[in-house]
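K.L.:
quick one, fold the following:
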Amino acid sequence: MTEFCNEGDLSSLLKKKKRLPESEVQKIMKDIISGFLEIGENKFLHRDLKLANIFMNNGIAKIADFGFAKKSQYTLLYSVHPSKERNTMWEALCICPLKH
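P.N.:
Down below sits the predicted model:
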């Protein structure tokens, strides 16, 4: 069973609105990063994170579609920007290494 998300997916929302205010983007990114860290702390890899798999429900972004998810042997680690002034996209980019 899946939770109903009354605002649809993030891809459709962006097509409809064209632009989002910075404050709304910051809230959405905070929700996505929080969800991503929760997934990692439970030793899973989503493996299909994209706008169409992020749903909005009453202003809260929720990660969905775990069809390609895989159990990992590792707990997710992440890094905080050295300046520690504020949360930045650095945290999102340093969550896990990219494999080429």
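K.L.:
could you check stretch 8-25 and say which residues are buried?
P.N.:
Residues of stretch 8-25 classed as buried by neighbour count (16 or more other Cβ atoms under 10 Å): 9, 10, 13. The C-beta positions use only the backbone N, C-alpha and C, and glycine is treated the same way.
K.L.:
so which of those residues are in helices?
P.N.:
Counted as lying in helices by DSSP state H, out of the buried residues of stretch 8-25, are 10, 13.
K.L.:
need the buried residues of stretch 8-25 in TSV (columns: distance to residue 61).
P.N.:
What follows is the buried residues of stretch 8-25, written out as TSV (distance: Cβ to Cβ, whole Å):
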residue	distance to residue 61
9	10
10	7
13	10
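K.L.:
how about the contacts made by residue 59?
P.N.:
7, 27 (Cβ atoms under 8 Å, 6 or more residues apart in numbering).
K.L.:
how much space separates it from residue 73?
P.N.:
Residue 59 is 35 Å from residue 73, where distance means Cβ to Cβ, to the nearest Å.
K.L.:
my guess is residue 56 is in a strand, correct?
P.N.:
Yes: checked against DSSP: H, G, I helix; E, B strand; the rest coil, residue 56 lies within a strand.
K.L.:
ok, how many other residues are close to the residue nearest to it when sequence neighbours are not counted?
P.N.:
Nearest residue to residue 56, sequence neighbours excluded (Cβ to Cβ, 6 or more residues apart in numbering): residue 7, at 3.6 Å. Neighbours of residue 7 under the rule other Cβ atoms under 10 Å: 15.
K.L.:
now the strands for the chain?
P.N.:
44-45, 54-57, 60-63, 70-71 (DSSP state E).
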